[in-house]
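>>> Need a 3D model of the sequence below.
(chains A, B, C and D)
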There are 2 protein chains.
Amino acid sequence: MSRVQLVVDRSDEAELRLGQLAGSLGFLFRVGQLEVFDNFFDQLGKSGLKPGEFSVLWVVHLNPGVRQGAVAEKLRIKRAHMTKLVRSFEEDGLIERTIPEGDRRGIELRLTRSGSAFVEDHAQEFFDYAQSETDRLSPDEAAQLIALLQKFTGLTPGS
Amino acid sequence: MSRVQLVVDRSDEAELRLGQLAGSLGFLFRVGQLEVFDNFFDQLGKSGLKPGEFSVLWVVHLNPGVRQGAVAEKLRIKRAHMTKLVRSFEEDGLIERTIPEGDRRGIELRLTRSGSAFVEDHAQEFFDYAQSETDRLSPDEAAQLIALLQKFTGLTPGS
DNA sequence: AGAATTTCGTTTACAAGGAAACAATTTTCT
DNA sequence: AGAAAATTGTTTCCTTGTAAACGAAATTCT
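Below you'll find the predicted structure:
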């Protein structure tokens, strides 16, 4: 008895066509970021460290007295949201807000002693992790990728 | 009468140090994505086109009958959220959901005639825009950046 | 000086997205 | 076959982030 077998070969979960989408910067950025953040939480989530929040503390650490609007603009956090972050840091005793004499609209941010301690405690693991993100690329490729991203975003380590 | 002028030279909004943060992939991805999306809405927002939503329609367009979980996984959309998107597309008459014979847990997605029309109407401008995103880089750099991102994310145009 | 505009942070009201528990189905393991 | 485990989509609740209108302060323009 002969049998005809229809082999559809969906390869099941196999291939899913993305077409031009896979060449779209916006999409690649999104996937890249989720990739990185997922790993981040897997590895550092336990220490209560969130990338966005740590970034704010880090920038205040490097720029004591900075106005919160300037941090928001640089880190691309909306001002409305920055208000919440900063207030919450203040409640946690990590950040100090002072209204400067010169311009009493703005608010200057500084780390408290406790905030400094937090940054110093976690900077190492944060940036060590940032380093390890690039493991899936060769060192050359990683350096190239970062350089291209910096050019694209207009960000440089210096400033 | 002589005057002493204290010049602090804050350069005002000038420089804000980011230190190692500017070399962190997660941060660069985030800024890159926001950069791209802001421009996207400036240019295409009027046509009611949202990048995430269009991406879903596009993938269904290229892979008729795909299960929604597969789309979610590939596009890195959480399944809970994909449910909402797909239901909303169904309400709008853009997508058809059918329960396949083989496995009645899953749901197969297909574009309706109206959904196909939408994708065909907007694919051009969507990907034209995606192309224009790279304007701030040279063509070589853009190609390199995309290739590196594809390698990093494990995504390739083919599949 | 005084009115109009701009800047800065805040508030409120909402949208986007995620975590966890769940029901229905299928698969695996005895 | 039948119990245990895994898969798939859904629901509910919650967190994160945004938009828009606002008040206070500073700046600009007569």
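
>>> drop to CA atoms for contacts and neighbour counts, all remaining ones
Will do.

>>> how about the CA coordinates for the stretch of helix or strand A:Asp42 belongs to, as PDB?
Assigned by DSSP states H and E, A:Asp42 belongs to helix A:25-44. The C-alpha trace of helix A:25-44 is given here as PDB (Å, rounded to 0.1, in the frame of the first residue of the first chain):
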ATOM      1  CA  LEU A  25      16.800  51.400  12.600                       C
ATOM      2  CA  GLY A  26      13.900  52.000  14.900                       C
ATOM      3  CA  PHE A  27      13.000  48.400  15.100                       C
ATOM      4  CA  LEU A  28      16.600  47.300  15.600                       C
ATOM      5  CA  PHE A  29      17.000  49.900  18.300                       C
ATOM      6  CA  ARG A  30      13.900  48.700  20.000                       C
ATOM      7  CA  VAL A  31      14.900  45.000  19.900                       C
ATOM      8  CA  GLY A  32      18.500  45.800  21.000                       C
ATOM      9  CA  GLN A  33      17.300  47.800  23.900                       C
ATOM     10  CA  LEU A  34      14.900  45.100  25.100                       C
ATOM     11  CA  GLU A  35      17.600  42.500  24.700                       C
ATOM     12  CA  VAL A  36      20.000  44.500  26.800                       C
ATOM     13  CA  PHE A  37      17.400  45.400  29.500                       C
ATOM     14  CA  ASP A  38      16.100  41.800  29.800                       C
ATOM     15  CA  ASN A  39      19.600  40.700  30.500                       C
ATOM     16  CA  PHE A  40      20.100  43.500  32.800                       C
ATOM     17  CA  PHE A  41      17.200  42.600  35.000                       C
ATOM     18  CA  ASP A  42      18.300  38.900  34.900                       C
ATOM     19  CA  GLN A  43      21.700  39.800  36.300                       C
ATOM     20  CA  LEU A  44      21.300  43.000  38.400                       C
END
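
>>> Next, the angle from that helix to helix B:25-44.
150 degrees (axes from the mean of the first three to the mean of the last three C-alpha atoms, to 10 degrees).

>>> Give the next helix or strand downstream of helix A:25-44.
Downstream of helix A:25-44 (by DSSP H and E), the next one is helix A:51-62.

>>> Just the buried positions in that next one, please.
A:Pro51, A:Phe54, A:Ser55, A:Val56, A:Leu57, A:Trp58, A:Val59, A:Val60, A:His61 (16 or more other C-alpha atoms under 10 Å in any protein chain shown).

>>> For those residues, give me JSON lines that also has pLDDT and distance to chain B.
Converted to JSON lines, the buried residues of helix A:51-62 look like this (pLDDT from 0 to 100; distance: C-alpha to the nearest C-alpha, whole Å):
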{"residue": "A:Pro51", "pLDDT": "93", "distance to chain B": "8"}
{"residue": "A:Phe54", "pLDDT": "95", "distance to chain B": "10"}
{"residue": "A:Ser55", "pLDDT": "96", "distance to chain B": "7"}
{"residue": "A:Val56", "pLDDT": "97", "distance to chain B": "10"}
{"residue": "A:Leu57", "pLDDT": "97", "distance to chain B": "11"}
{"residue": "A:Trp58", "pLDDT": "97", "distance to chain B": "8"}
{"residue": "A:Val59", "pLDDT": "97", "distance to chain B": "6"}
{"residue": "A:Val60", "pLDDT": "97", "distance to chain B": "9"}
{"residue": "A:His61", "pLDDT": "97", "distance to chain B": "10"}
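
>>> For the helix holding A:Asp42, buried residues please.
Applying 16+ other C-alpha under 10 Å to helix A:25-44 flags A:25-37, A:40, A:44 as buried.
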